[in-house]
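Enquirer: Here's my sequence, what's the structure:
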Amino acid sequence: MGASNGTAGCTDCPPSTFNHNVNRTSVSDCQSCPSNSSSPVGSDAANDCLCDAGHTGLIDGISSAVGECLECSVGK
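Expert: Residues are numbered from 1 along each chain as shown. Just a heads-up that it's a prediction; the model follows:
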């Protein structure tokens, strides 16, 4: 995760985004996690996106997100 060591100008993706490309220089290079999911700062793959509390599902993939997070049933 995060910018490459020793590479000037690299930018970490903000929370709830990811980018698998090396040497990214702009936040605009980052892709958003699917609805109802989030990821930590510097995420470098779609599978870093995890379902938010109250939602369940699986997000897979590296360069693009596959899957979704759906609202949990009442009481779960």
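Enquirer: now stretch 53-61, how far from the chain's geometric center?
Expert: Distance, stretch centre to chain centre, for stretch 53-61: 12 Å (CA atoms, centre = their mean, to the nearest Å).
Enquirer: With stretch 41-55 instead?
Expert: That offset, for stretch 41-55, works out to 5 Å (CA atoms, centre = their mean).
Enquirer: Buried residues, that stretch. List them.
Expert: 42-51 (16 or more other CB atoms under 10 Å). For every residue, glycine as well, the C-beta is placed using N, CA and C.
Enquirer: For residue 60, state which of these is nearest.
Expert: The nearest member of those to residue 60, counting by CB to CB, is residue 47 at 5.4 Å.
Enquirer: what's the closest of the buried residues of stretch 41-55 to residue 15?
Expert: residue 43 (8.3 Å).
Enquirer: how far away is the residue lying closest to the closest one once chain neighbours are set aside from residue 66?
Expert: Excluding the flanking residues, the one nearest residue 43 by CB to CB, 6 or more residues apart in numbering is residue 18, at 4.0 Å. Going from residue 18 to residue 66 by CB to CB, to the nearest Å gives 13 Å.
Enquirer: Residues that sit against both of these two, list them.
Expert: residue 46 (CB atoms under 8 Å, 6 or more residues apart in numbering).
Enquirer: ok, those two, which is more surrounded?
Expert: Neighbour count, other CB atoms under 10 Å: between residue 18 and residue 66, residue 18 has more, with 26 against 12.
Enquirer: Over to the residue nearest to residue 51 when sequence neighbours are not counted. Which of the three states is it?
Expert: Nearest residue to residue 51, sequence neighbours excluded (CB to CB, 6+ apart): residue 69, at 3.7 Å. Classification of residue 69 using DSSP: H, G, I helix; E, B strand; the rest coil returns strand.
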